[in-house]
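Undergrad: With the input below, show me the fold.
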Amino acid sequence: QVQLVESGGGLVQVGGSLRLSCAGSGRTFSSYAMGWFRQAPGKEREFVAAIKWSELGEYYADSVKGRFTISRDNAKNTVYLQMNSLKPEDTAVYYCAAGPQVRGTYDYWGQGTQVTVSS
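TA: Residues are numbered from 1 along each chain as shown. From the prediction side, this is the model:
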């Protein structure tokens, strides 16, 4: 069982930066692939980024490639999403999730954190 709690969301201007954190509980945290997803109002949830349990292997949606960076610290049971050059279309609730594989089904989800980019 893994429990996830996101933090770090907020209001930022266009071009600004935010770093989201996702703290996980459970002794098996480091064995999971971790992903970030987002859901904007009226839209379906979409994949943003993911990282393998071994920290070797990062994956990004085309819309965030080159602007966002996912990383993890297994010693701290935490995964991060550094978001730079933010755009209004990045406005969404961001969720972290844990699963056995980066491209598979994610079994555990956090409650989400709001990111709002103002123009």
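Undergrad: how long is stretch 42-54 end to end?
TA: Taking C-alpha to C-alpha, to the nearest Å, stretch 42-54 runs 35 Å from one end to the other.
Undergrad: got the contact list for that stretch?
TA: Here stretch 42-54 makes contact (C-beta atoms under 8 Å, 6 or more residues apart in numbering) with 30-39, 57-61, 64, 68-72, 74, 79, 81, 92, 94-95, 102-103. C-betas here are computed from N, CA, C, even on glycine.
Undergrad: which of these are buried?
TA: Neighbour counting over the contacts of stretch 42-54 (16 or more other C-beta atoms under 10 Å) leaves 30, 32-38, 59-60, 64, 68-70, 72, 74, 79, 81, 92, 94-95, 102 as the buried ones.
Undergrad: Just the ones in helices from those residues, please.
TA: Among the buried ones among the contacts of stretch 42-54, no residue falls in helices (DSSP state H).
Undergrad: what bridges to the residue nearest the centre of the chain?
TA: For the chain, the residue sitting closest to the mean C-alpha position, by C-alpha atoms, centre = their mean, is Trp36 at 2.7 Å. Note on Trp36: beta-bridge partners by DSSP bridges are Ala49, Cys96.
Undergrad: dump the residue contacts of it.
TA: 20, 22, 48-50, 70, 79, 81, 94-97.
Undergrad: Just list the residues touching the residue lying closest to Val115 once chain neighbours are set aside, thanks.
TA: In this structure, Val115 finds its nearest non-sequential neighbour in Gly9, 4.8 Å apart by C-beta to C-beta, 6 or more residues apart in numbering. By C-beta under 8 Å, 6+ apart, the contact set of Gly9 is 18, 20, 94, 113-115.
Undergrad: so how far is Asn74 from Gly9?
TA: 23 Å (C-beta to C-beta, to the nearest Å).
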